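1. Just the structure for this:
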Amino acid sequence: MNCIKWLTAPLLALGLTACASYYPIAVDVNPAPAQVGGGVYRGQTLALSSADNRASDFIIQIEQKDKSPVVVGAANNLRLQMEQALAQGFSTQGAFIEQGANTRATLELQEVLSRVIRGHISYDVVQKVRVQLVLERDGRRVVKQYRRSAQQEFPGRLHPELAPVTEALNQQLSLMVQDILADRDVQSFINGN
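-> Residues are numbered from 1 along each chain as shown. Presented below is the predicted three-dimensional model:
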């Protein structure tokens, strides 16, 4: 009988941790390159940098009734991914990205989160993305705020599949990059107007 108690405790603990470890600790985030037209800039130079000012570094939070939330991070550097997508977009539009350029742009991540909320036979996914772009040149400074949010429902009785959640988040991040690249105020500032 004592042997059974000795085996039961570790098996119970293993079973409980198996539920928590069902989800990966990180997922790949990779915003798609922006599909933008060229000819916006005629060889203007731009120094581009980024900062991650988010309160938390996880990007997915899974919420189930009577359970502690499970959080999932990004497997790659989200700040760098967004900066590279933006740099590629500016380059496609005709700008040259150079570190010592007189015109500077800093992309600041403020919130990137997908909340996965358990329903009866499905999961609601609420996504919020918020970034700020700071443009500077010759003592002049322009700050632009960008926000995107979306809500979707995914089927699932036991556990939500994270692949479609990650894909939906990638889509929001890609649209955010396109919003910045299409912003007339940004284009005007970089062009020196």
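
2. Could you pull out the strands in this protein for me?
-> With strands called from DSSP state E, the chain shows them at 26-27, 45-52, 58-63, 70-74, 96-97, 104-118, 122-137, 140-155.

3. averaging pLDDT over each of those, which comes out lowest?
-> In terms of average pLDDT, strand 26-27 trails the rest of the strands of the chain, at a mean of 90.

4. Name the surrounding residues that touch it.
-> For strand 26-27, contacts defined as C-beta atoms under 8 Å, 6 or more residues apart in numbering pick out 59-60, 72-75, 162, 166. To be clear about C-beta, it is placed using only N, CA and C from the backbone, and glycine gets the same treatment.

5. residues contacting the closest residue to residue 148 other than its chain neighbours?
-> Spatial nearest neighbour of residue 148, excluding adjacent residues (C-beta to C-beta, 6 or more residues apart in numbering): residue 129 at 4.5 Å. Listed by C-beta under 8 Å, 6+ apart, the contact set of residue 129 reads 111-113, 147-149, 169, 172-173, 176.

6. Which residue lies nearest the spatial centre of the chain?
-> In the chain, the C-alpha nearest the mean C-alpha coordinate belongs to residue 112, at 4.6 Å (C-alpha atoms, centre = their mean).

7. picking that back up, going through the contacts of strand 26-27, which ones are buried?
-> Among the contacts of strand 26-27, those scoring as buried are 59-60, 72-74, 162, 166 (criterion: 16 or more other C-beta atoms under 10 Å).

8. on that earlier part again, dump the strands of the chain to JSON lines, plus distance to residue 87.
-> What follows is those, written out as JSON lines (distance: least, C-beta to C-beta, whole Å):
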{"stretch": "strand 26-27", "distance to residue 87": "23"}
{"stretch": "strand 45-52", "distance to residue 87": "5"}
{"stretch": "strand 58-63", "distance to residue 87": "21"}
{"stretch": "strand 70-74", "distance to residue 87": "19"}
{"stretch": "strand 96-97", "distance to residue 87": "5"}
{"stretch": "strand 104-118", "distance to residue 87": "10"}
{"stretch": "strand 122-137", "distance to residue 87": "13"}
{"stretch": "strand 140-155", "distance to residue 87": "17"}
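
9. Residue 153 and residue 121 touch, don't they?
-> No. Counting by C-beta atoms under 8 Å, residue 153 sits too far from residue 121 to count as a contact (9.9 Å).

10. Look at those two and report which has more neighbours.
-> residue 153 (12 against 9; other C-beta atoms under 10 Å).

11. sorry, back to before: return the set of residues that bridge with the residue nearest to the centre of the chain.
-> Beta-bridge pairing for residue 112 (DSSP bridges): residue 129.

12. these two touch, right, it and residue 176?
-> No. Taking contacts as C-beta under 8 Å, residue 112 lies outside contact range of residue 176: 9.2 Å.
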